[in-house]
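In: Kindly generate the corresponding structure for this input.
(2 chains)
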Amino acid sequence: MTRRVLRGTLVLLGSVVAVASGVALQQQPRFNHAQHAKLFVGCATCHAGIMRSGAPVFPPAAACTTCHDGTVQRRVDWQPRAGPRISNLRFDHVQHAEVRRQRGDTSGCADCHADRGAAWMAVRAPTAPQCVACHTSGLGTHLTLADTACATCHLTLARAVTLPTARIAGFPAPPTHQAPGFITAAGHGAQARHTIGGARVAQSCATCHAREFCVACHVNAPELPVIQALELDKRSLALPHALKAPPTHAAKNFESQHGALAGRTGASCRSCHTQESCLTCHRAEAPTAVLALYRAGPGRAPGAQTALRMPASHTAGWKTQHGSVAASTLRSCTSCHARTECLTCHVPDPARRGSYHPGAYLARHPADAYTRSSSCTDCHNTGEFCQTCHKQGGLTARRTLIGAAGYHDGNRQFFLGHGQAARQALESCVSCHVERDCLTCHSVVKGRSFDPHGPGFDPERMLRKNPQLCIACHGTAIPRRLASP
Amino acid sequence: MTRTGRALLIAVAASLAAGPVAAQSWSLRLNASAQHVEFRGLTADSIAESGAVTSATAGPVTPDGFAVNCAGNGFCYFFRPGPVLNGLPASAGVDLSLWGLGLQGLSVRLSARGYTDLGGDRVWPGTSPPFNLMEGYAEYLRGGLTAQLGRMLDRGRLASVGTSGLDGLRATWRFNRDALEVGGYAGWGMARGTILPVTSPAVDPLADYQPSSRQIVVGTVVGAHLPAVDVQAEYRRELDPVTDYIVAERAAVSLQARPERHIRFVTGADYDIAQGQWGSAEASASYSGLRVSGTITARHYRPFFDLWTVWGVFSPVPFNGISGSIAVNPTAKLQVRSRAEWFRYDAADVSTPSVTLEDRGWRWALEGTLAPAERWTVEIDTHGELQPGASSSGIDGRVTWRPHAAFDLSLDGGNLERPLELRFQDAGVTYAGASAAYRVGERWRLDVGVDRYWESQDRPDAAAIDWNQWRLSARASLTLRSAADRWLPPARPAGAAP
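Out: So this is what the prediction gives:
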């Protein structure tokens, strides 16, 4: 073994030690190679295992006592590293040296473990760029190489069992991972699928990631072969991971448009959302897109956490304004509201303390009802509700206004001028009056033939649609002007 | 309970028995309510015209001071205060949803209530008939198709949610990524504003003319739901199955546009084809910002009557109104709201030489909500309605204390003055009450309330009745559901890939 080879071997050994373990080296005294430069002429003297399988990589501690016996030199407590090398490299010194020897490459340990021109035994750990410089010259730097190239030099994370969690947490992210769309399915998803086919995905993505890392975000992890191909290793959670909303979710109208988006790209939603994610808001009726999502369960991410927010449209007066909106898009309402919520107001429960109307509404209701502040008949049937109550209160009519009990006693001649009041508030009139009350005067066959028809009355149309109505007052002798086509 | 209702219940029960029980999921809500009310009405009475005396302030009165209306037929009529009636209306309801019935997309929904008056007087409206099936239908979802069969509530502008129901079939097909929908329905209709058929005695308490059979309803709905616009058009025809005459025939259109996140335009109108006239319509523009929101609305209201009544030929006139509302949040703890509407009736085209009636009016309200502390909320509402027929003005207030998320305690009260244009009196009501709500986990909710009313009537005769009363109310609600499937059908059969 030439002196050069020995020196290189020694440098190589030192470098291996330096690279192999940060934690371990911090916990035990490091061997200062430069300080011992005059004592050693080759690397293999101490690091025979680098060049020969089966031989120890480090010298025994007793070798130090040759000098450090307490007399010649002070004693030291250096100990050779126990256990496997702390690394995720596929690199094997013996194989590497053998391959180089077969290729006629005479370079030694110092080519990797020392700077060019450095003094003997001024060793350091080799760096990734050094590997890249020889093996993938011109294809990029360490982190800019294709993501599929990681496996060339690195073990999968799950197989790099000696790597401590702290080292994993410090893994640098390749620039590709910082691209704006990398978080989307078209980014890292497509990249992962591109490498699918068995070993490649396990060796590339798996260099830094294990299945737990993906499951932290992916609800659909059990259904994705690319994730299932990864090995299990909880240390992968040491890498920073957080579920981030994709750019589409930042759109101003995302809240109102996410339903249509989900319909078009439902598969994307399934990546991050469980059914439970959507149920936070969609409490009543699950849209089809929600049903297509996976339910929360083992092996899946918990899903994006959502918060129920009242839409901007639900302003203070929404209670009286929502009808028109519901008429145009009731399906939007049923996203959040159960039918029973509608029934609470729209089908009043006589045994329940009022919720829609304010307090003392029994006394207040004439003002609202007379001029229809809101449409009473949306929720109340005139007969079932109004007439029943008015009947109990004695507020029912007696056939004719003339000589009636005088409920309209604000003007004793009311019956002579009731026409305007009737046409303005006919819905209120019929809450106490029935048809025969009015037909006493307004019928041709049973009354005094007072014409009740007013502006907008279209007799020909009425006759076409429902002649029974005409017969009710006119009998079979419907005036010819009505019967004419 | 109607024959159709019984048939539906049997169908639902049969489907429950036939379904694969092992795959079923369900949600069940039970509730029971009761309240005590006092009711005092009027009793019509009369005296001979010769027995009436003239008072200094109220014109002709009875010897004991009741103002009378003499008809010229030898008798004078008046109202005496009626007896105090005590009502104890009670109800029990069930809302049930079932899915996982062995066919993906199939579910069953049932909502029913039973009523009674524990006081026996049935003084309160709505306690008859004793049982009402509000909804009971099977729904099938597959792709863009939604099909429902059974008793269901009408929906849409021509029959807003809850106004009436339909016993029949409804199918809707959504396509082009749900942007378009076409649907139709057919069956037997209900009376307006209730889930009872027009043949039910409960909708005819005064023994008026009543159809002998239920109307047949057919309708269609076409809608488009674009990113910023929703539009829906409806057509609905109701036929008397005995005569084949039209009971109602209407068309409507509803549109909502959101040109910008904070701005919304909503409009809608319905046309009465049977009578050849526009029904109600409205158009509004709304802005909803973080601190300020407001709406401006123009409204045209015309009452609608079925053609099996004569009321439509009396030519009710519409009113046109314009209204505005605004809500301002000057701070995170305070919101101030205000709204006002001015309206005017169309000309009634009748001569009323002896009676002068208002044909226009306006109403307003000013409200505020203050949250002075984390667990306290104070609400104030003052309002006025100055309009034909019945006016009112008043103020209401409520203080709510929520010591923790499961418990609310509220105190409320207010005062109302109610001058009536066509009545010989002014009335005032002052009330105070308290209510509490307690939620026990996800399942139980309990509500109790108590109110006291004091009424004063200002009229110059003896007819001012004592209407003071207590009201008590209680309600309990229990929600149960299958443990594995919370509120919704499972996404796929257990263990199977979607």
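In: which stretches of the stretch 301-450 of chain A form helices?
Out: Using DSSP state H, counting those that start in this stretch, the helices of the stretch 301-450 of chain A run over A:318-328, A:330-336, A:339-346, A:361-370, A:388-392, A:418-424, A:426-429, A:435-442.
In: tell me which residues in the fourth one are buried?
Out: By that I understand helix A:361-370. Buried positions in helix A:361-370, judged by neighbour count with 16 or more other Cβ atoms under 10 Å in any protein chain shown: A:362-370. Bear in mind the C-beta positions are built from the backbone N, C-alpha and C, glycine included.
In: tell me the SS of the nearest residue to A:Thr65 once chain neighbours are set aside?
Out: Leaving aside its sequence neighbours, A:Thr65 sits nearest to A:Arg75 (Cβ to Cβ, 6 or more residues apart in numbering or on different chains; 7.6 Å). Under DSSP: H, G, I helix; E, B strand; the rest coil, A:Arg75 falls in the coil class.
In: tell me the contacts of A:Arg75?
Out: Neighbouring residues of A:Arg75 by Cβ atoms under 8 Å, 6 or more residues apart in numbering or on different chains: A:65, A:68-69.
In: Over to A:Leu261?
Out: Contact analysis of A:Leu261 by Cβ under 8 Å, 6+ apart lists A:248, A:254.
In: what about it, helix or strand, and which?
Out: helix A:254-264 (DSSP states H and E).
In: Distance check, the residue nearest to A:Thr65 against A:Thr66.
Out: Using Cβ to Cβ, to the nearest Å, we find A:Arg75 at a distance of 12 Å from A:Thr66.
In: tell me, what's touching those two both at once?
Out: The contact sets of A:Arg75 and A:Thr66 do not overlap (Cβ under 8 Å, 6+ apart).
In: Would you agree A:His380 is in contact with B:Leu196?
Out: No: A:His380 is beyond contact range of B:Leu196, at 12.0 Å (criterion: Cβ atoms under 8 Å).
In: Beyond the helix holding A:Leu261, next helix or strand please.
Out: Sequence-wise, the next helix or strand downstream of helix A:254-264 (DSSP H and E) is helix A:266-272.
In: what does that next one contact?
Out: With Cβ under 8 Å, 6+ apart as the test, helix A:266-272 has contacts from A:184-185, A:189, A:217-220, A:243, A:246, A:262, A:289, A:292-294, A:301, A:303-304.
In: Low-confidence regions, the stretch 51-200 of chain A specifically.
Out: Low-confidence segments of the stretch 51-200 of chain A (pLDDT under 70): A:106-107, A:136-138, A:147-148, A:194-200.
In: quick one: contacts for the residue most central in space within chain A?
Out: Taking Cα atoms, centre = their mean as the criterion, A:Ala304 is the residue nearest the geometric centre of chain A, at 3.5 Å. Contacts for A:Ala304 were tallied using Cβ under 8 Å, 6+ apart; they are A:243, A:245, A:272-273, A:277.
In: Is there any residue in stretch B:259-273 that contacts chain A?
Out: Yes: Stretch B:259-273 reaches chain A (Cβ under 8 Å from any Cβ of the partner chain) through B:261-262, B:264, B:266-268.
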